[in-house]
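K.L.:
below: sequence and its predicted model.
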Amino acid sequence: MAIFALIDANSFYASCEIAFQPGLVNRPVVVLSNNDGCIVAANAHAKALNRYLTKPLGSGGYRAAQPTSIMFQPYFKVERLLKAHKTKVFSSNYELYADMSQRLHTLIGQFAPKQEIYSIDESFLDLTGFEKHNLTDYGQQIRQTILRGLGLPVAVGIGHSKTLAKLANHLAKKGDFSGVLDLTVLSEPAINLLLKNVAIGDVWGIGKQLRQQLQAVGIHTALDLKLADPHKLSKRFSVNILRSHLELNHQACLQLDEVDEPKQQILRSRSFGQAISERHDLRQALVNFASRAAEKLRAQGSVCQAVTVFCTTNPFKPEQGAYRNSCSLRLALATDDTRLIAEQVKIGVDKLWREDFLYHKAGVILSELSQKSQQQNDLFAPALNEKSAQLMAVMDQINQKMGKHSLHLASQDHANQRWAMRQNHHSPRYTTNWQELLTVS
Ligand SMILES: [Mg+2]
């Protein structure tokens with residue numbers, strides 16, 4: 001039988017910050033969205049503050065006030081509460097999170113030959129054939145490795161399907177299991193007891209709409225879905241629900257990589273072949289990264305609402321100066337248009353730029369992604385949107401056919417990119433570059 005594990009970091013952004021300031025481990029920690037708008041991550045101590053928040057009474061006033069969550073609250077609304085409990089508040093540092101994410105997935109990948117990077121802080125592993133191991137011990141080994149290597153706490157869920165691994169992970173996070181839950185060694189009644197306590201909305205792939213539809217036919221928990229009549233399910237619902245039902249019954253319908261969900265953020269960055277000392281070069285490099293990130297954005301059918309740019313000097317060459325900074329900009333309307341994204345990048349570069357440093361690495365992160373198909377139309381500029389979509393489609397087609405960068409923004413300036421490659425031993429481009437023409441004296 002197939003065996004899958006899901007490894008997921010706890011409160012990832014907050015944990016990344018704590019990893020570098022271990023003194024915060026027993027304090028509430030929250031991370032704010034771009035421009036410090038609302039709370040996007042909170043560690044367990046901060047989530048414990050939920051008890052001080054209550055939703056206002058419904059209009060009838062019959063229902064008791066419901067506790068609500070600190071997550072996604074606008075910062076200004078909870079600022080006093082956070083201060084009163086000595087909460088450490090961070091602005092988001094996407095460069096750090098992206099880097100930690102890469103390291104996290106690399107460490108996880110050492111534990112099985114097949115890995116699917118599912119999100120910024122989640123990986124599935126295929127542990128089929130590993131049943132000779134004690135998988136709970138193996139899960140603990142994974143946890144310890146990541147805690148030692150990166151200072152990040154993770155939970156490990158193991159089951160005969162991806163849905164069960166995901167569910168086991170959800171339970172492992174809640175305590176009682178020391179961070180690892182292996183469902184493959186539990187008896188059926190023991191598993192059912194656990195599934196009974198998982199709300200249907202917490203099952204993988206069940207969004208708000210499906211949750212309501214399932215609840216309407218009396219399916220309120222993961223156990224209800226597991227025990228439901230498959231014929232009735234397939235009559236009323238899409239094939240996805242039947243698949244969830246089978247997966248809860250230990251039948252793996254999904255293999256690794258099969259669920260190709262759009263990425264939640266897109267990062268393009270690199271170290272420069274030659275350190276950058278001119279603002280123009282940094283702008284050009286970042287517009288190039290932005291252009292590639294936007295291509296990826298369009299390929300997955302997403303639009304982004306936030307653009308982050310970052311740059312840093314070389315930490316191994318302190319004589320070149322020590323400076324690192326990032327800057328996030330928010331677009332009025334989510335977009336996938338390279339030109340609009342590049343505009344934000346240029347503004348970002350002007351904000352970040354400091355003279356007298358040699359820049360070693362920079363990058364662009366597109367975040368706050370949503371599906372373009374679900375995008376609200378811009379009432380005031382429908383024609384522009386349509387034109388933009390057509391232009392971007394043509395640009396992508398030509399670049400696919402004729403090779404990368406055949407068609408690009410003027411500011412990418414492809415003939416003249418000094419930062420692009422390490423070419424210390426390269427002879428001058430006598431024939432293709434005006435600056436490097438052979439001179440005769
Ligand atoms: Mg997580």
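P.N.:
Arrived safely. Numbering: from 1, shown residues only.

K.L.:
so residue 24 versus the ion, what's the distance?
P.N.:
18 Å (Cβ to the ion, to the nearest Å). Any C-beta I mention is one placed from the backbone N, CA and C, and that applies to glycine too.

K.L.:
ok, now which ones touch that residue?
P.N.:
By Cβ atoms under 8 Å, 6 or more residues apart in numbering, the contact set of residue 24 is 17-18, 88.

K.L.:
one more pass at 10 Å, please.
P.N.:
Contacts for residue 24 (Cβ atoms under 10 Å, 6 or more residues apart in numbering) come out as 14, 17-18, 43, 45, 87-88, 90.

K.L.:
which of the residues you listed sits closest to the ion?
P.N.:
Nearest to the ion among those: residue 14, at 10.1 Å, using Cβ to the ion.

K.L.:
how about that closest one, secondary structure?
P.N.:
Look at residue 14: counting by DSSP: H, G, I helix; E, B strand; the rest coil, its state is helix.

K.L.:
what about dumping the CA coordinates of the helix or strand harbouring residue 283 to PDB?
P.N.:
Using DSSP states H and E, the element containing residue 283 is helix 279-299. The C-alpha trace of helix 279-299 is given here as PDB (Å, rounded to 0.1, in the frame of the first residue of the first chain):
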ATOM      1  CA  ARG A 279      21.400  52.200 -10.000                       C
ATOM      2  CA  HIS A 280      20.600  51.700 -13.700                       C
ATOM      3  CA  ASP A 281      22.100  48.200 -13.600                       C
ATOM      4  CA  LEU A 282      20.200  47.200 -10.500                       C
ATOM      5  CA  ARG A 283      17.000  48.500 -12.100                       C
ATOM      6  CA  GLN A 284      17.700  46.600 -15.300                       C
ATOM      7  CA  ALA A 285      18.400  43.400 -13.400                       C
ATOM      8  CA  LEU A 286      15.300  43.600 -11.300                       C
ATOM      9  CA  VAL A 287      13.100  44.400 -14.300                       C
ATOM     10  CA  ASN A 288      14.500  41.300 -16.000                       C
ATOM     11  CA  PHE A 289      13.600  39.200 -12.900                       C
ATOM     12  CA  ALA A 290      10.200  40.800 -12.800                       C
ATOM     13  CA  SER A 291       9.600  39.900 -16.400                       C
ATOM     14  CA  ARG A 292      10.400  36.200 -15.800                       C
ATOM     15  CA  ALA A 293       8.300  36.100 -12.700                       C
ATOM     16  CA  ALA A 294       5.400  37.700 -14.600                       C
ATOM     17  CA  GLU A 295       5.700  35.000 -17.300                       C
ATOM     18  CA  LYS A 296       5.500  32.300 -14.600                       C
ATOM     19  CA  LEU A 297       2.500  34.200 -13.100                       C
ATOM     20  CA  ARG A 298       0.600  34.100 -16.400                       C
ATOM     21  CA  ALA A 299       1.600  30.500 -17.000                       C
END
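
K.L.:
could I get the buried residue list for that helix?
P.N.:
For helix 279-299, the neighbour count (16 or more other Cβ atoms under 10 Å) marks 281-298 as buried.

K.L.:
kindly report the same for stretch 137-149.
P.N.:
Buried, per 16+ other Cβ under 10 Å, within stretch 137-149: 138-139, 142-143, 146.

K.L.:
identify the farthest-apart pair in those residues.
P.N.:
Greatest spacing in these, by Cβ to Cβ: 138 and 146 (13.1 Å).

K.L.:
got any residues that touch both of those two?
P.N.:
Listed as contacting both residue 138 and residue 146 by Cβ under 10 Å, 6+ apart are 111, 156.

K.L.:
ok, residue 130 touching residue 1?
P.N.:
No: using Cβ atoms under 10 Å, residue 130 makes no contact with residue 1, being 11.5 Å away.

K.L.:
who has more neighbours, those two?
P.N.:
residue 130 (17 against 10; other Cβ atoms under 10 Å).

K.L.:
before we move on, the earlier item: hey, what's in contact with both of residue 130 and residue 1?
P.N.:
Contacts common to residue 130 and residue 1, judged by Cβ under 10 Å, 6+ apart, are residue 184.

K.L.:
spatially nearest residue to residue 372 (excluding sequence neighbours)?
P.N.:
residue 303 (4.9 Å; Cβ to Cβ, 6 or more residues apart in numbering).

K.L.:
bridging residues for that neighbour?
P.N.:
residue 370 (DSSP bridges).

K.L.:
what about it, neighbour count?
P.N.:
22.

K.L.:
helices or strands up against the strand or helix carrying residue 247?
P.N.:
In this assignment (DSSP H and E), residue 247 forms part of helix 239-248. On a contact count with 3 or more Cβ pairs under 10 Å, 6 or more residues apart in numbering; DSSP states H and E, helix 239-248 meets helix 162-173, helix 208-216, helix 222-227, helix 230-236.

K.L.:
wait, does the longest one contact the ion?
P.N.:
Spelled out, it's helix 162-173. No: using Cβ under 5 Å from the ion, helix 162-173 stays clear of the ion, with a minimum separation of 8.2 Å.

K.L.:
quick one: that helix to helix 239-248, angle?
P.N.:
60 degrees (axes from the mean of the first three to the mean of the last three Cα atoms, to 10 degrees).

K.L.:
which of the contacts of residue 24 come close to the ion?
P.N.:
Among the contacts of residue 24, no residue lies close to the ion (Cβ under 5 Å from the ion).

K.L.:
now, those residues that are in strands?
P.N.:
Using DSSP state E, the subset of the contacts of residue 24 located in strands is 88, 90.

K.L.:
check the contacts of residue 24 and tell me the two furthest apart.
P.N.:
Farthest pair in those, by Cβ to Cβ: 45 and 90, 14.0 Å.

K.L.:
report the contact partners of the residue nearest to residue 372.
P.N.:
Contacts for residue 303 (Cβ under 10 Å, 6+ apart) come out as 294, 297, 331, 333-337, 366, 368-375.

K.L.:
now residue 283
P.N.:
276, 309, 342, 345-346, 348-350, 353, 362, 411-413.

K.L.:
the ion: which of those residues is nearest?
P.N.:
Of all the contacts of residue 283, residue 309 has the smallest distance to the ion: 25.4 Å, by Cβ to the ion.

K.L.:
pLDDT score assigned to residue 113?
P.N.:
We have a pLDDT of 84 for residue 113.

K.L.:
show me what the residue lying closest to it once chain neighbours are set aside is bridged to.
P.N.:
Distances taken as Cβ to Cβ, 6+ apart place residue 126 nearest to residue 113, at 7.4 Å, with adjacent residues excluded. Under DSSP bridges, the beta-bridge partners of residue 126 are residue 4.

K.L.:
show me what contacts residue 126?
P.N.:
2-5, 112-116, 162, 252, 255-257.

K.L.:
and these, which of them are buried?
P.N.:
Buried members of those, scored by 16+ other Cβ under 10 Å, are 2-5, 112, 115-116, 162, 252, 256.

K.L.:
residue contacts, the closest residue to residue 223 other than its chain neighbours?
P.N.:
Distance criterion Cβ to Cβ, 6+ apart; nearest residue to residue 223, sequence neighbours excluded, is residue 195 at 3.9 Å. Residues in contact with residue 195 (Cβ under 10 Å, 6+ apart) are 164, 167, 171, 183, 203, 221-227, 248.
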